[in-house]
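K.L.:
build the 3D model from these lines:
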Amino acid sequence: IRVSGSANVIFNDSVIRDNSAEGRGGALYLHERGSVSFTGTNVISGNVIDRVNNNSQHGGGFWADDFATVNVSGNLTITDNHAGAGGGGFYIGDQVVFDASSASSLIISENNDETTRNDGDGAGFYVNNNAIAKLNNATIINNGDINVGNILDGADAAGNDTRHGGAFRASGNSTVEITG
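P.N.:
Have a look, this model is predicted:
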């Protein structure tokens, strides 16, 4: 699903499952000020972003860039997604705001990324290039695939293993706020 050009999509009690893409975002690709909202109980699961011409790609569950917004006000589970590079669960960059500060529950689990070229970053999620992630009531658990652990204050983040940030990676002047 591609959302761009200031379009807004609302998912309410939805399951987005078993999709694949070449390029960006196994299930969702948000671009050019596109906006997605998750209300009720939603699941993003079993999605894959494939390698393109041997180049690794980010965002197994979804990719968001270029001023896109993601809002979560209910329950969202992002699980069992795969990326060729970082952000097995999701990737946000280029001034995106991922706002789950009003979430009842946010579960990011069992996502993975490949690290065959030392490019695995943030198996749970990857925040890059001035992006902002606000997480509330978050459980980040069992993401990744190489033996480096991660522990966070203010959230349950256990069993996350990958080369650079099993739970998540933040870089490029980005902000991650985790509460509850």
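K.L.:
my guess is Ser109 meets Thr79, correct?
P.N.:
Yes. Using Cβ atoms under 8 Å, Ser109 is in contact with Thr79, at 4.9 Å. Using the backbone N, CA and C atoms, a C-beta is placed for each residue, glycine as well.
K.L.:
quick check: next helix or strand after the helix or strand of the chain with the lowest mean pLDDT?
P.N.:
The weakest-scoring helix or strand in the chain, judged by mean pLDDT, DSSP states H and E, is strand 156-158 (a mean of 50). Following strand 156-158 in sequence order, the next helix or strand is strand 168-170 (DSSP states H and E).
K.L.:
now do the SS call for Ala21.
P.N.:
Recorded secondary structure, Ala21: strand (DSSP: H, G, I helix; E, B strand; the rest coil).
K.L.:
thought it was touching Arg51?
P.N.:
No. Applying Cβ under 8 Å as the test, Ala21 and Arg51 come out as separate, 11.4 Å apart.
K.L.:
neighbour-wise, which of these two wins?
P.N.:
For Ala21 versus Arg51, the count of surrounding residues by other Cβ atoms under 10 Å is larger for Ala21: 22 against 15.
K.L.:
from Phe62, how far out is the more buried one?
P.N.:
Taking Cβ to Cβ, to the nearest Å as the measure, Ala21 falls 10 Å from Phe62.
K.L.:
quick one: contacts for Ala133?
P.N.:
Listed by Cβ atoms under 8 Å, 6 or more residues apart in numbering, the contact partners of Ala133 are Ile92, Phe98, Ala100, Phe125, Val127, Phe168, Ala170, Ser174, Thr175, Val176, Glu177.
K.L.:
switch the cut-off to 7 Å
P.N.:
Ala133 sits next to Ile92, Phe98, Val127, Val176 when contact means Cβ atoms under 7 Å, 6 or more residues apart in numbering.
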